[in-house]
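below is the structure, and that's it, no one-letter string:
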Ligand SMILES: [Ca+2]
Ligand SMILES: [Ca+2]
């Protein structure tokens, strides 16, 4: 009896992982047409209650307009548990929303919001868009929902912005935070920051000017707020206050001058203005 139960749960786990794997394979050919619309298929195996989220591969800039439409149905279990992205109206709510509701979040630690079959709103953060099914388990789920996503780029030409840069963006690991702001070569750049972040245990809390009680790392104090313009740009120190001119045209990235990120915590608020 014990052996049968063990085999049963093993096969459930195997099926669950096979579903996730299969949906990853099916959803790889993400495409965007000329209008910037992306279509993809989200499997019911992405259960938000288990913190299993579908990575859309789409990065969103805070404040941009987000339109998401979906069609199709997924099944959340046996019996009358098939629904579209608006969820199962014949069951009580789960985590504040109907079971089976298509949910979203921006960034791994983003705020979860309901999407349903039709959604239009402003992005509340900068980061990767994740989608999931508002369900508590996944081993009895099947099917997938087709989701169409359009992100307007009208906010790309922003001249001002405030972003929170998590300490996990360690430049030594080439992990850079996308500020969502594009700059033009020669334009004036004012960057101010406040707050502190922690780079590890012990006396390793500092503001954006870095840890003065440690030796340098890559020519600057550990914990210094760094910037670069464009994916392949040269890193420059920012600190708590920076005034200068953009050395190139491109996206402004920010990061923490640290060699690792596993023991980091906190974030620094950064205010950016282009003149
Ligand atoms: Ca289920
Ligand atoms: Ca560290």
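Received the coordinates, thanks. Computed from a prediction, not measured in an experiment: that's the story for all the values here. Ligands and ions are numbered 1, 2, ... in the order given.

neighbours around residue 203, how many?
Other residues near residue 203 come to 10 when the count uses other C-beta atoms under 10 Å. Placement of C-beta: from N, CA and C, glycine included.

tell me which element the closest residue to it other than its chain neighbours falls in.
Leaving aside its sequence neighbours, residue 203 sits nearest to residue 213 (C-beta to C-beta, 6 or more residues apart in numbering; 6.2 Å). Here residue 213 sits in a region with no helix or strand, counting by DSSP states H and E.

contact residues of the stretch 101-250 of the chain facing ligand 1?
135, 137, 140-141 (C-beta under 5 Å from the ion).

select only the buried ones of the residues you listed in ChimeraX?
Buried residues within these, by 16 or more other C-beta atoms under 10 Å, are selected in ChimeraX with:
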select :135,141
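
which of the residues of the stretch 101-250 of the chain next to ligand 1 sit farthest apart?
135 and 140 (9.3 Å; C-beta to C-beta).

list residues touching both of those two?
Residues touching both residue 135 and residue 140 (C-beta atoms under 8 Å, 6 or more residues apart in numbering): residue 76.

point out where the stretch 51-200 of the chain drops to low pLDDT.
Residues of the stretch 51-200 of the chain that meet the criterion pLDDT under 70 lie in 153-158.

what does it put close to ligand 2?
Near ligand 2, when you scan the stretch 51-200 of the chain using C-beta under 5 Å from the ion, you find 199-200.

would you map the helices across the stretch 51-200 of the chain?
Counting by DSSP state H, counting those that start in this stretch, no segments of the stretch 51-200 of the chain form helices.

the closest residue to residue 99 other than its chain neighbours: neighbour count?
Computed as C-beta to C-beta, 6+ apart, the closest residue to residue 99 that is not its neighbour in sequence is residue 88, at 4.6 Å. For residue 88, the neighbour count with other C-beta under 10 Å is 21.

in this structure residue 88 contacts residue 98, no?
Yes - under the criterion of C-beta atoms under 8 Å, residue 88 makes contact with residue 98 at 5.6 Å.

related to what we said a few turns ago, reformat the residues of the stretch 101-250 of the chain next to ligand 1 as CSV; add distance to residue 161.
Formatted as CSV, these follow (distance: C-beta to C-beta, whole Å):
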residue, distance to residue 161
135, 36
137, 40
140, 44
141, 39
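
now flag whichever of the residues of the stretch 101-250 of the chain next to ligand 1 is closest to residue 226.
After measuring these against residue 226 - C-beta to C-beta - the closest member comes out as residue 135, at 41.0 Å.

confidence score at the closest residue in space to the closest one that isn't next to it in sequence?
Take residue 135 and drop its neighbours on the chain: the residue closest to it by C-beta to C-beta, 6+ apart is residue 47, 4.3 Å away. Residue 47 carries a pLDDT value of 94.
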